[in-house]
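Fold the following, please.
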Amino acid sequence: MRNVDAAGLGIGDEYPPRIMGVLNVSDESPYKPSVFDNPGEAAEYVDRELIDEGADIVDVGLESANKKFEVLTADEELERLDTAIETIESVSGDAVFSIETRYHEVADAALSRGFDMVNDICGFADPKMPEICREYDVAVAKMASPPDLKRPGAIEAVDDIYDALELNGLTDKTIVDPAFGGWSEEKTIEDDQETFHRLREFRGYGLPILVSINRKNFLRSVAGRGTEDALAVSLAATSMAVERGAHVIRTHDVRETKDAALIGAEFARDRVSSSRSDLSVEELDITTPREAGRHLDRIGGDETAAAQSVTRVFELEGVSSDNRPALTTAADASGVAVVTGDRSDSILVIGTDGAVDRFADAITAESSALQYVAAQLTESYEI
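Numbering: from 1, shown residues only. Okay, the predicted model is just below:
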């Protein structure tokens, strides 16, 4: 996993999860507590509610990305930039300042006047954006979006997110954002929930991951909560997101989110990761063959190897003595281990997804009971 340096702030597996607090200088932004048009008041808010509460990064938005509002032009965003600049110049605390924009002209102006990184909500739909970020050698969060400056995050299918993140390439300091939220009419709550299930896949880029899930609909719907009552579900999801590989959490609830992120990091599974000057060894965080397939694609490897990437263990109960010889025969032919014990009638089936798939094929031709077992084994995973 490549770590990213954002103005001296390390982001990646080697560092604690980073918290990105939000400031808006756009009157139309829906979250009013974070909206300011007075630089002094905005700076006080940043110090008190963001940096003092634990924000590592302050993301400053010049306009609302809500799809119900007209998109500002680059010139209109630039008219609001002075307020943002005066704000960060008045802040007394220490943080990395990120400009949220879709336009390279705005990014250029902001970076030249004191901002440290870019949050591109249109994912390099402006093809000059990566050039600007490389020129200034800054970190850039890249949200998955179609090649359209007026439709940030409007990806219509989960499978399209991965390809969208490759639009106009990646810089050495890119942080990928899979675009949670209702950015288009086509995107559903179920799409966001599937994206969250598949969050580890985005580690396949070998780059840090940013998630913006605070009080989002796909979490609120699970518990039947409104926005004001959605802090608890957001914090639960934050811990899970960090455990699944997220490195930056964008939020309005800084203090609570930081605590939740630290819990996720503390109890994530330890994996081997070491390096010396000429060699490194890293155990990848893989739980499904599809996740392995992303890493194989990154290195240009044989993607059929993904089926051998994850070992599964199943416990079978109620298998009759008449059916057990068929299991042993199928195990020998497929490469799974079938294990019985002397204290239970249970049977453990242990193998990679590919081996389990071959095992299931072998027993399907047997009794109806083993046909049922085969169907359940293959139902549990995706090759």
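
where does the stretch 251-383 of the chain dip in pLDDT?
380-383 (pLDDT under 70).

same deal with the stretch 1-150 of the chain?
Scanning the stretch 1-150 of the chain with the threshold set as pLDDT under 70 gives 27-34, 66-68.

residue boundaries of the helices in it?
For the stretch 1-150 of the chain, helices defined by DSSP state H, counting those that start in this stretch occupy the ranges 39-45, 74-90, 104-112, 129-136.

Tabulate the ones you listed (a markdown table), appending distance to residue 339 and mean neighbour count.
Every residue, glycine included, has its C-beta placed from N, CA and C. Putting those into a markdown table (distance: least, Cβ to Cβ, whole Å; neighbours: other Cβ atoms under 10 Å) gives the following:
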| stretch | distance to residue 339 | mean neighbour count |
| --- | --- | --- |
| helix 39-45 | 60 | 18 |
| helix 74-90 | 61 | 17 |
| helix 104-112 | 58 | 22 |
| helix 129-136 | 52 | 20 |
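
export those helices to a markdown table and tack on distance to residue 199?
Below are those laid out as a markdown table (distance: least, Cβ to Cβ, whole Å):
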| stretch | distance to residue 199 |
| --- | --- |
| helix 39-45 | 30 |
| helix 74-90 | 30 |
| helix 104-112 | 27 |
| helix 129-136 | 24 |
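
Relative to residue 351, which of these is closest?
Judged by Cβ to Cβ, the one of the helices of the stretch 1-150 of the chain that comes nearest to residue 351 is helix 129-136, at 43.2 Å.

so which of the helices of the stretch 1-150 of the chain gets nearest residue 230?
Evaluated with Cβ to Cβ, the helices of the stretch 1-150 of the chain place helix 39-45 nearest to residue 230, the distance being 21.3 Å.

May I have the closest one as CSV, with CA atoms only?
Taking C-alpha atoms only, helix 39-45 is exported to CSV below (Å, rounded to 0.1, in the frame of the first residue of the first chain):
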residue,chain,number,x,y,z
PRO,A,39,-13.7,34.7,7.6
GLY,A,40,-13.3,35.5,11.3
GLU,A,41,-16.3,33.5,12.3
ALA,A,42,-15.3,30.7,10.0
ALA,A,43,-11.7,30.6,11.4
GLU,A,44,-13.1,30.5,14.9
TYR,A,45,-15.3,27.5,13.9
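
Show me this protein divided up by domain.
Per the record, the chain has its domains at 4-268, 310-379, by automatic domain parsing.

from these, which stretch is densest packed?
Comparing the domains of the chain by mean neighbour count (mean count of other Cβ atoms under 10 Å), domain 4-268 ranks first with a mean of 20.

which residues touch the residue of the chain most remote from its centre?
Taking Cα atoms, centre = their mean, the residue of the chain most remote from its mean C-alpha position is residue 322, at 47.9 Å. Shown in contact with residue 322 (Cβ atoms under 8 Å, 6 or more residues apart in numbering): residue 367.

and it, that one's in a strand?
No - per DSSP: H, G, I helix; E, B strand; the rest coil, residue 322 lies outside any strand segment and is coil.

Nearest to residue 258, out of the helices of the stretch 1-150 of the chain?
helix 39-45 (17.1 Å).

Show residues contacting that closest one.
23, 25, 34, 36, 83, 86, 87, 88, 89, 90, 91, 92.

Please name the residues that touch the nearest residue to the first one once chain neighbours are set aside.
Yep, that's residue 23 we're talking about. Closest residue to residue 23 apart from its sequence neighbours, by Cβ to Cβ, 6 or more residues apart in numbering: residue 60 at 5.0 Å. Contacts here follow Cβ under 8 Å, 6+ apart; on that basis residue 60 touches 23, 24, 25, 84, 87, 88, 97, 98, 99, 100, 115.

Ramachandran coordinates for the residue farthest from the centre of the chain?
Reported as degrees, to the nearest 10, the phi and psi values for residue 322 are phi -70, psi -30.

Tell me how far it lies from residue 369.
Look at residue 322 and residue 369: by Cβ to Cβ, to the nearest Å, they are 9 Å apart.

ditto for residue 356
Taking Cβ to Cβ, one finds residue 356 at 17 Å from residue 369.

Mind pulling up the pLDDT for residue 186?
Turning to residue 186, the model gives it a pLDDT of 82.

does it really touch residue 156, like I thought?
Yes - with contacts counted by Cβ atoms under 8 Å, residue 186 reaches residue 156, the gap being 4.3 Å.

Would you map the helices across the stretch 151-300 of the chain?
Assignment of helices within the stretch 151-300 of the chain using DSSP H, counting those that start in this stretch yields the ranges 158-164, 189-197, 217-223, 231-243, 254-266, 289-299.
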